[in-house]
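Novice: For reference, the sequence and a predicted model appear below.
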Amino acid sequence: MSLKKQFIKTKPVVKVTFSIDAKDADSAAVVGDFNNWNASEGTLSKLKNGTFKATYDLVKDAIYEFKYVIDGNYVNDPEADFYKWNDYAGSENGVLVV
């Protein structure tokens with residue numbers, strides 16, 4: 001799993017690339033505050049090496065909670081900036097600071 005942040009000097013956005021290794025999975029998505037926790041808006045594309053990946057423009061100077069959804073199972077990213085307990089989910093979510 002990995003997160004890559006590319007800060008754009010001329011725009012108030014950060015290009016964030018989400019990727020997760022899930023060779024045996026049929027589908028993967030990233031969900032979070034930035035897409036209303038909607039898996040269809042966070043679909044990741046499967047690469048030939050089994051990694052799922054996508055890049056999204058997120059508003060700069062913000063903090064987002066997020067998780068991956070792999071074949072319907074919620075998974076945290078070990079490279080998240082930190083984790084935060086979420087009472088609604090009843091678990092910790094990864095946190096991304098951009």
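Specialist: Noted; the coordinates are in hand. Residues are numbered from 1 along each chain as shown.
Novice: Next one: the residue nearest to Asp81 when sequence neighbours are not counted relative to Asp24, how far apart?
Specialist: Closest residue to Asp81 apart from its sequence neighbours, by CB to CB, 6 or more residues apart in numbering: Val97 at 4.7 Å. Just so you know, the C-beta spots here come from the backbone N, C-alpha and C atoms, and that holds for glycine as well. Remark: distance between Val97 and Asp24 (CB to CB, to the nearest Å) = 31 Å.
Novice: Tell me which of the two has more neighbours.
Specialist: Neighbour count, other CB atoms under 10 Å: between Val97 and Asp24, Val97 has more, with 12 against 7.
Novice: Any stretches of the chain with poor pLDDT?
Specialist: For the chain, applying pLDDT under 70 flags the ranges 1.
Novice: mind listing the strands in it by residue range?
Specialist: In the chain, the segments counted as strands under DSSP state E are 2-7, 13-21, 28-32, 45-46, 51-59, 63-70, 73-75, 82-86, 91-97.
Novice: Quick check, central residue of the protein?
Specialist: Val30 (4.2 Å; CA atoms, centre = their mean).
Novice: right, and it touches Leu58 too?
Specialist: No. Using CB atoms under 8 Å, Val30 is not in contact with Leu58, being 10.9 Å away.
Novice: How about stretch 30-44, which residues are buried there?
Specialist: In terms of neighbour count (16 or more other CB atoms under 10 Å), stretch 30-44 has its buried residues at 30-32, 34-35, 37, 39, 42, 44.
Novice: actually stretch 2-9, not the one I typed
Specialist: Leu3.
Novice: One more: stretch 59-79?
Specialist: 64-70, 76-77.
Novice: Pick the one among those closest to Asp87.
Specialist: Taking CB to CB as the measure, Glu65 is the one of these closest to Asp87, at 11.9 Å.
Novice: This completes my enquiry, with thanks.
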